[in-house]
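Colleague: Give me a model of this one.
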Amino acid sequence: MKAKAPVRRRRAQSGSAVLEGSLMFLPFFAIILGIADFSMALFITGAFQEAVEDAARFTTTYNLTYNGTPYQTQTQAAKAVVYSETFGFINATNDAANGYVQVNYYFPNDLTTPATCATNCNYSWTDSNGNTSTVEYDNQPGDIVEVRVSGFPWNWMAPVPTIMPGKSITLGADAADILQGLPGTMSVPPAP
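Modeller: This is a model prediction of the structure:
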């Protein structure tokens, strides 16, 4: 009789192992999906940050050709840099529909309002050292260019119905740089 008792216990315990395994599977799966969700959001934000930094850097060169494609304005060239470096998350089509990418130029004495003058606006300002400068173009050397990605929606892969039912977060990034001197062949900056 003593030989059969352990067999019965093992059979009774085998059902509890299945139950325990199934109860552990749900939290484990939720943790894995949570890690994947946050990792993907961080990856996309990092890609956006790298793209806007490269676009701002590219804009300071006054080059209108990117990857062999010529563009009419610096803004178009900067946006092309962002499109090519965001792994297809942002492209010309969804940017045109949603306005995810903005390129702004700022005068050195006003970093809160984007420059809006057309060519030859003849705006003068005095810096903190008393030096007077005349602004003739939105994108002249010494002005600041800002490239920004904003409002890009990211939906969670596995929404939890009671906590976050299909809610999305918005991702973005921005970078700025000072426009340097014009290349030797240019006397006037290209259209902003």
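Colleague: Mind picking out the helix or strand in the chain with the poorest mean pLDDT?
Modeller: strand 123-126 (a mean of 70; mean pLDDT, DSSP states H and E).
Colleague: following it, which helix or strand comes up?
Modeller: Once the chain leaves strand 123-126, the next helix or strand it forms, by DSSP states H and E, is strand 132-135.
Colleague: residue boundaries of the helices in this protein?
Modeller: Taking DSSP state H, the helices of the chain run over residues 5-59, 74-85, 92-98.
Colleague: among these, which is nearest Val135?
Modeller: helix 74-85 (16.1 Å; CB to CB). Glycine gets a C-beta too; all of them are placed from N, C-alpha and C.
Colleague: which secondary structure elements does the closest one contact?
Modeller: When contacts are defined as 3 or more CB pairs under 8 Å, 6 or more residues apart in numbering; DSSP states H and E, helix 74-85 packs onto helix 5-59, strand 65-66, helix 92-98, strand 101-106, strand 144-155.
Colleague: and among those, the most buried is which?
Modeller: strand 101-106 (a mean of 21; mean count of other CB atoms under 10 Å).
Colleague: strand partners of that one, parallel vs antiparallel please.
Modeller: strand 144-155 (antiparallel) (DSSP bridges).
Colleague: before we move on, the earlier item: switch the helices of the chain over to CSV; also include mean pLDDT and distance to Trp156.
Modeller: Converted to CSV, those look like this (pLDDT from 0 to 100; distance: least, CB to CB, whole Å):
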stretch, mean pLDDT, distance to Trp156
helix 5-59, 82, 5
helix 74-85, 95, 24
helix 92-98, 95, 19
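Colleague: how about those helices in CSV, adding distance to Trp154?
Modeller: What follows is the helices of the chain, written out as CSV (distance: least, CB to CB, whole Å):
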stretch, distance to Trp154
helix 5-59, 6
helix 74-85, 17
helix 92-98, 13
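Colleague: Now do the contacts for the closest residue to Gln140 other than its chain neighbours.
Modeller: Nearest non-adjacent residue to Gln140, counting by CB to CB, 6 or more residues apart in numbering: Pro189, 5.7 Å away. The neighbours of Pro189, taking CB atoms under 8 Å, 6 or more residues apart in numbering as the test, are Tyr62, Gln74, Tyr137, Asn139, Gln140, Pro141, Leu179, Leu182.
Colleague: The second one reaches Ala191, doesn't it?
Modeller: When you say that, I think you mean Gln74. Yes. The criterion here is CB atoms under 8 Å, and Gln74 meets it with Ala191 at 7.1 Å.
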